[in-house]
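S.K.: 3D, please:
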Amino acid sequence: MTLALLCSGQGLQNREMFRLLATEPDAQPVFEAATAVLGTHPTDFCRTAPDAALHANREGQILCVTRALATARALFPNGASNETMVAGYSVGEMAAWGVAGIWSPMDTFKLVDQRARAMDAAGGPDDGLGYVRGLPQMAVEQLATRFGCAIAIVNPDLLFIVGGDRRSIDALCAAALEEGAARAAPMMVHVASHTPRLAGAVAPFDKALTSVAMSRPALRLMTASGATLVADPHRAHKGLARQLAERIDWAGMIEALAERGVTAILELGPGRALAEMAAAALPAVSVRAVDDFYSLTGVKAWLAAR
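M.R.: The predicted structure follows:
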């Protein structure tokens with residue numbers, strides 16, 4: 001088996017996202033590191049925080065990275081095979097670098113915090129993301145130009161994430177439906193990630209990345225910056241910083257995983273969005289999400305059977 005672990009982006013965080021992990025002893029060091037940065041234990045935060053806080057940019061990023069790191073530690077307490085591939089979607093790539101062992105959990109969370117703060121400082125107060133499904137890319141490009149937005153992420157199966165201010169996103173989605181899109185709507189993300197609106201966040205985040213100790217990846221880490229393997233994080237981190245203001249080609253990432261012989265994919269969550277995209281794009285590959293299972297025992301059994 002050649003396994004790929006996919007680390008999810010924000011937007012699907014929820015109050016039950018740590019249900020399978022709360023009592024897992026191997027996940028506790030991750031929760032402790034996250035608590036030090038978030039200010040509250042992630043499980044308590046998800047249980048008590050208002051909905052707006054649950055989906056705030058900084059808090060959402062920290063929660064999603066916590067989910068991926070804690071899940072990886074619980075599933076692979078002695079470390080995954082060094083042939084395992086790992087990739088992340090948007091802030092999920094921060095989690096992927098942590099899962100690959102480039103940073104300690106504490107440094108990972110500190111960087112996620114700095115990333116989110118840089119994004120909030122550079123973006124507008126009404127910025128956000130939306131999605132359009134079922135239109136050709138050229139049509140979505142034209143809509144984005146018309147409404148002062150930009151394509152943020154290209155996904156498989158004609159699914160595009162677009163970024164801009166909320167009123168423009170609303171107008172773009174309405175126009176997309178009029179032009180025949182299967183679906184289009186704003187998302188619960190309050191920052192225009194991966195668009196030129198965040199150009200001002202690149203340099204501060206790059207500076208933060210250079211201030212933290214980095215190790216060579218213990219797993220086969222794929223970066224969305226060109227869908228390539230990271231051999232030297234000291235060189236690759238500039239691409240990680242530029243991603244804040246540059247489009248991500250996730251469709252290309254899925255294709256690159258297939259080209260490297262991936263036979264099984266597990267999305268660490270929260271949610272199933274990446275697993276659903278991968279399953280549709282790679283029908284010959286066995287694809288699951290952690291959120292498909294009732295227990296981590298079930299996830300481990302699925303992994304063992306591959």
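
S.K.: What are the boundaries of the strands in the stretch 101-250 of the chain?
M.R.: Counting by DSSP state E, counting those that start in this stretch, the stretch 101-250 of the chain has strands at residues 127-133, 150-155, 159-165, 183-186, 220-223, 228-229, 248-249.

S.K.: Please identify which of those is closest to residue 304.
M.R.: Nearest to residue 304, of all those, is strand 220-223, at 20.4 Å by C-beta to C-beta. Quick note: C-beta positions are derived from backbone N, CA and C, even for glycine.

S.K.: quick one: strands adjacent to that closest one?
M.R.: Looking at strand 220-223 with DSSP bridges, its partner strands are strand 85-88 (parallel), strand 228-229 (antiparallel).

S.K.: And those strands, which one averages the lowest pLDDT?
M.R.: Lowest mean pLDDT within those: strand 228-229, at a mean of 92.

S.K.: Which residues does that one contact?
M.R.: 220-223, 256 (C-beta atoms under 8 Å, 6 or more residues apart in numbering).

S.K.: Now tabulate those in TSV and tack on neighbour count.
M.R.: Converted to TSV, those look like this (neighbours: other C-beta atoms under 10 Å):
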residue	neighbour count
220	22
221	25
222	26
223	21
256	19
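
S.K.: can you redo those as TSV with pLDDT?
M.R.: Converted to TSV, the contacts of strand 228-229 look like this (pLDDT from 0 to 100):
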residue	pLDDT
220	97
221	97
222	96
223	95
256	96
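
S.K.: now, the most widely separated pair of those residues?
M.R.: Greatest spacing in the contacts of strand 228-229, by C-beta to C-beta: 221 and 256 (12.3 Å).

S.K.: and residue 81, helix, strand or coil?
M.R.: coil (DSSP: H, G, I helix; E, B strand; the rest coil).

S.K.: got the contact list for residue 140?
M.R.: 132, 151, 160, 162, 176.

S.K.: Tell me the pLDDT of it.
M.R.: pLDDT, read off for residue 140, is 98.

S.K.: if we can go back for a sec, can you tell me which of the contacts of residue 140 is closest to residue 298?
M.R.: Of the contacts of residue 140, the one sitting nearest to residue 298 (C-beta to C-beta) turns out to be residue 160, at 33.5 Å.

S.K.: Name all residues that make contact with that closest one.
M.R.: 131-133, 135, 137, 140, 151, 153-154.

S.K.: what sits opposite it in the beta ladder?
M.R.: With DSSP bridges as the rule, residue 160 is bridged to residue 132, residue 154.

S.K.: how much space between the residue with the largest distance to the centre of the chain and residue 135?
M.R.: Computed with C-alpha atoms, centre = their mean, the residue of the chain farthest from its C-alpha average is residue 178, at 29.9 Å. Noted for residue 178: a distance of 11 Å to residue 135, by C-beta to C-beta, to the nearest Å.

S.K.: ok, and the closest non-adjacent residue to residue 204?
M.R.: residue 118 (4.3 Å; C-beta to C-beta, 6 or more residues apart in numbering).

S.K.: what stretches of the stretch 101-250 of the chain score poorly on pLDDT?
M.R.: Along the stretch 101-250 of the chain, no part satisfies pLDDT under 70.

S.K.: ok, the contacts of strand 228-229 vs residue 61, which is closest?
M.R.: Distances from residue 61 to these, taken by C-beta to C-beta, are shortest for residue 223, at 17.5 Å.

S.K.: Am I right that the closest one is in contact with residue 235?
M.R.: No. The pair formed by residue 223 and residue 235 falls short of the contact definition of C-beta atoms under 8 Å, at 10.8 Å.

S.K.: How about the contacts made by residue 3?
M.R.: Residue 3 neighbours (C-beta under 8 Å, 6+ apart): 80-81, 83-85, 262-266, 303, 306.

S.K.: Just list whatever residues bridge to it.
M.R.: residue 264.

S.K.: Please apply the same query to residue 221.
M.R.: residue 86.

S.K.: Contacts only, for it.
M.R.: Residue 221 makes contact with 85-87, 96-97, 100, 102, 229-230 under the criterion C-beta under 8 Å, 6+ apart.

S.K.: Check those and tell me the two furthest apart.
M.R.: Greatest spacing in these, by C-beta to C-beta: 85 and 102 (14.5 Å).

S.K.: how about the helices in the stretch 151-300 of the chain?
M.R.: 166-178, 199-210, 233-242, 250-259, 273-281, 296-305 (DSSP state H, counting those that start in this stretch).
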